[in-house]
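Novice: output the structure for:
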Amino acid sequence: LDQREEAARLLELAAAHPLTPRLRVTAALNDVARLDGVAGNATDALAIEVADAWLWRHGKLDRAGELADRLLAGELPAAWRAHVHELALLAHTAAGHWPRVIELSISALSPESPPDEVAAAAALVLDRGTDAAGALDLCWAKLAHFPGRDKNALGWLRCFDIALDAAAQLAGARPNAGSDAGPSDALAERRVDLLDKRAELLAELT
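Specialist: Next up is the predicted model:
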């Protein structure tokens, strides 16, 4: 009946009831002050509800990101972890917390990650982290397993392009002679290898 004050009073009398924590969160979803009061004690599924409310109902990006980070630092079922990870990415991206966005993106990668996901993470490292070497290393590690054209052809192409962008930035930042000649030569060889394999992939695309 939308009598939130009366509901809160009755919930105080029913503190030991197993549904009380959820009802407290439900009563607080539209009230910033009340939500702030229940957020500190919310755990697991209820904390996810609170983080969602901070992000979607109230636009409190920092609070949503902090709560999502707290949840990710603990134990979560796999399905919940995927949701909270996505929630943290959204909150931190909207808030412009790029170091945390990069950290979350890289932590989600595995040897089985498709090339487009690796390329997306590497693009963040390159564009938002201004770390060309890190971006190149991410792509290079994935491209070491490039199988030729497959169902992920466009993802592989994107991975090649990000790697080449990163290598070009590195080449522009290094001298062509002197004590760095060795690393520069190795980088040039890597760029040639990337260009060759990219050309092979393009030749197989219709």
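
Novice: in the chain, where is pLDDT below threshold?
Specialist: The chain contains residues with pLDDT under 70 at 174-183.

Novice: switch the cut-off to 80
Specialist: The chain contains residues with pLDDT under 80 at 1-2, 4, 8, 11, 15, 20-21, 24, 27-28, 37-43, 173-184.

Novice: ok, and what's touching the helix or strand where A91 lies?
Specialist: Using DSSP states H and E, A91 maps to helix 78-95. Contacts with helix 78-95, where a contact means C-beta atoms under 8 Å, 6 or more residues apart in numbering, come from 44-45, 48, 51-52, 54-55, 61-62, 64-65, 68-69, 71-72, 76, 98, 100-101, 104-105, 108. For glycine as for every other residue, the C-beta is placed from the backbone atoms N, C-alpha and C.

Novice: among those, which lie within strands?
Specialist: Using DSSP state E, the subset of the contacts of helix 78-95 located in strands is empty.

Novice: on that earlier part again, now the helix holding A91, how far from the centre of its chain.
Specialist: 7 Å (C-alpha atoms, centre = their mean, to the nearest Å).

Novice: just stretch 192-201 next, same as before
Specialist: Distance, stretch centre to chain centre, for stretch 192-201: 29 Å (C-alpha atoms, centre = their mean).

Novice: who touches it?
Specialist: Applying C-beta under 8 Å, 6+ apart, the contact partners of stretch 192-201 are 143, 146, 148-149, 153, 156-157, 160-161, 163-164, 167.

Novice: count of neighbours near A167?
Specialist: 23 (other C-beta atoms under 10 Å).

Novice: quick one: residues contacting it.
Specialist: A167 neighbours (C-beta under 8 Å, 6+ apart): 132, 136, 187, 190-191, 194.

Novice: for it, pull up the helix or strand it's in.
Specialist: Here A167, judged by DSSP H and E, is contained in helix 153-173.

Novice: for that helix, buried residues please.
Specialist: 155-167, 169-170 (16 or more other C-beta atoms under 10 Å).

Novice: before we move on, what about stretch 113-128?
Specialist: By neighbour count on 16+ other C-beta under 10 Å, the buried set for stretch 113-128 is 115, 117-126.

Novice: what are the buried residues along the longest helix along the chain?
Specialist: Counting residues, the longest helix found in the chain (DSSP state H) is helix 181-204. Residues 184, 187, 190-191, 194, 197-198, 201 are the ones in helix 181-204 that count as buried (16+ other C-beta under 10 Å).
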